[in-house]
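>>> What follows is a predicted structure for the sequence shown.
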Amino acid sequence: TVGVIGSINVDLTLLVDRIPGPGETLLGSGGTLSPGGKGANQAVAAARQGAAVLLVGAVGRDANAAAATELLRQSRVDLALVAEADDPTGLAVVTVDRQAENSIVVVPGANLAVDIARVTAALPRLAGCDVVVLQGEVPPQTVEYALDALAAAGVRTVLNLAPVVPLAAEAIRRAAVLVVNEHEAEQALRILTGGRLDLTGEPVPDGTALARALAAAGLAAVVVTLGARGAVLADGGGTVHVPAPAVAAVDTTGAGDAFVGAMAAGLASGLALQQACELAAEVAARTVTAPGAQQSYPWAGEPGRPSAG
Ligand code: ADP
């Protein structure tokens, strides 16, 4: 079983000619609600790879809650520990202009109700998971507490530090695997090294240097995702580059979440980290060939789209 402690949102995407300025009213198009939130995305990605998935989260008592959880239900994610909170369901309003430039407002809403008490209540079930995944979209105290409590219970955790939130360095080091993109990797390294970035001999830190530096900063295993270049993983045994299959990318939204969810499913099924990353790279590449996040996540065994390569 894969446990996920994380956010559940709806995304409202608006297409405009240009991002409106202060006081301005523009006509746009789009306006459809799609399910999102890193926790929910990763839960769907893992479930579609065949994992049993338990999601710990919260939604509001509003109409958006049904839209936020529709694909979770369809993907058979266990929602018994998804609470109903007084605040509205988490909402991201994404405005995209003709140059594909975007501006985003995120209202965490009910996700802030994913507090220490809820994780404490969920611990008996989380302790039975093969791996538990966390991200930065629920309160940082909750993430720190969960990393500590799960390590004490002997449960392997995957920390996707996205967005980068100010966690204690010791809490980050409790993660069995840290997964970050290149931008997040630099920020995470700053937290772990107390602000002093020591990448001696690496004037422009590349993904491999970042992964190596993070591992050297006291992490058991680190995966730095590199977009179309795949990912690099670093642990005590050195670094390994996992290439991304060449595909015709149409929408990379949610690719990082697909990677993390599929990787967790792989780990839970007994794969070693490198093999889990290879599975994740296959799954994530397929998601960028179709629009949207959860809607684009493949089911295991589904035939892939032809490669552009
Ligand atoms: P994020 O979206 O979180 O910034 P990345 O851009 O690194 O993360 O993408 C996450 C993963 O998705 C990559 O490691 C890769 O496996 C896959 N991916 C992203 N973009 C592409 C692409 N254009 N072609 C193939 N795979 C991709």
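Done, it's in.

>>> pLDDT below threshold where in the protein?
Within the chain, the segments meeting pLDDT under 70 span 195-205, 303-309.

>>> can you pull out the strands in it?
Using DSSP state E, the strands of the chain run over 2-5, 9-15, 29-36, 53-60, 82-85, 90-96, 102-107, 131-134, 156-160, 177-181, 221-225, 231-235, 238-242.

>>> and the second one, what does it pack onto?
Taking 3 or more CB pairs under 8 Å, 6 or more residues apart in numbering; DSSP states H and E as contact, the helices and strands that strand 9-15 lies on are strand 29-36, helix 64-74, strand 90-96. (Glycine included, C-beta is placed from N, CA and C.)

>>> ok, and what's touching the shortest one?
Under the contact criterion CB atoms under 8 Å, 6 or more residues apart in numbering, strand 90-96 has outside partners 7-16, 19-20, 28, 30, 36-37, 59, 64, 68, 102-111, 137.

>>> State the distance from Gly6 to the ligand.
Counting by CB to the nearest ligand atom, to the nearest Å, the gap from Gly6 to the ligand is 14 Å.

>>> repeat for Leu214
As judged by CB to the nearest ligand atom, Leu214 and the ligand stand 15 Å apart.

>>> Can you get me a residue count around the nearest residue to Ile116 once chain neighbours are set aside?
Counting by CB to CB, 6 or more residues apart in numbering, Ile116 lies nearest to Tyr145, which is 4.7 Å off, once chain neighbours are set aside. Neighbour count for Tyr145, taken as other CB atoms under 10 Å: 18.

>>> same check, this time on Ala80
Other residues close to Ala80 by other CB under 10 Å number 9.

>>> Quick check: nearest residue in space to it, chain neighbours excluded?
Leaving aside its sequence neighbours, Ala80 sits nearest to Leu54 (CB to CB, 6+ apart; 7.7 Å).

>>> Pull the contacting residues for that neighbour.
Leu54 touches Thr1, Val2, Gly3, Val4, Val77, Asp78, Ala80, Leu81, Arg125, Leu126, Cys129, counting by CB under 8 Å, 6+ apart.

>>> The residue nearest to Ile116 and Ala122 touch, don't they?
No. With contact defined as CB atoms under 8 Å, Tyr145 and Ala122 do not form a contacting pair (11.3 Å).

>>> Distance check, the residue nearest to Ala171 when sequence neighbours are not counted against Ala175.
What sits nearest to Ala171 in space, not counting adjacent residues and going by CB to CB, 6+ apart, is Glu144, at 4.1 Å. Note on Glu144: its distance to Ala175, by CB to CB, to the nearest Å, is 11 Å.

>>> neighbours of the residue in the stretch 151-300 of the chain that the ligand sits nearest to, just the number please.
Across the stretch 151-300 of the chain, no residue is closer to the ligand than Gly256, which sits at 2.3 Å (CB to the nearest ligand atom). When neighbours are defined as other CB under 10 Å, Gly256 has 25 of them.

>>> next one: Ala117
Neighbours around Ala117, by other CB under 10 Å: 11.

>>> residues in the protein within reach of the ligand, list them.
Residues of the chain lying close to the ligand by CB under 6 Å from any ligand atom are 181, 225-228, 230-231, 244, 247, 249, 252, 255-256, 259, 281, 284-285, 288.

>>> wait, Val224 sits on Glu186?
No. Contact between Val224 and Glu186 fails when scored by CB under 8 Å: they sit 9.9 Å apart.

>>> more crowded one of those two?
Val224 (28 against 18).

>>> which residues touch Val224?
Taking CB under 8 Å, 6+ apart as the test, what Val224 contacts is 180-182, 185, 207-208, 210-211, 214, 231-234.

>>> what bridges to it?
Val180, Val232 (DSSP bridges).

>>> measure it to Leu189 for me?
With CB to CB as the criterion, Val224 and Leu189 are 10 Å apart.

>>> gap between Ala220 and Val4?
20 Å.

>>> Who has more neighbours out of those two?
A side-by-side neighbour count of Ala220 and Val4, using other CB under 10 Å, places Val4 first with 36 against 15.

>>> correct me, but Gly254 touches Gly36?
Yes. Assessed by CB under 8 Å, Gly254 is found in contact with Gly36 at 7.4 Å.

>>> Identify the contacts common to the two.
Shared contacts of Gly254 and Gly36, counting by CB under 8 Å, 6+ apart, come down to Ala293, Gln294.
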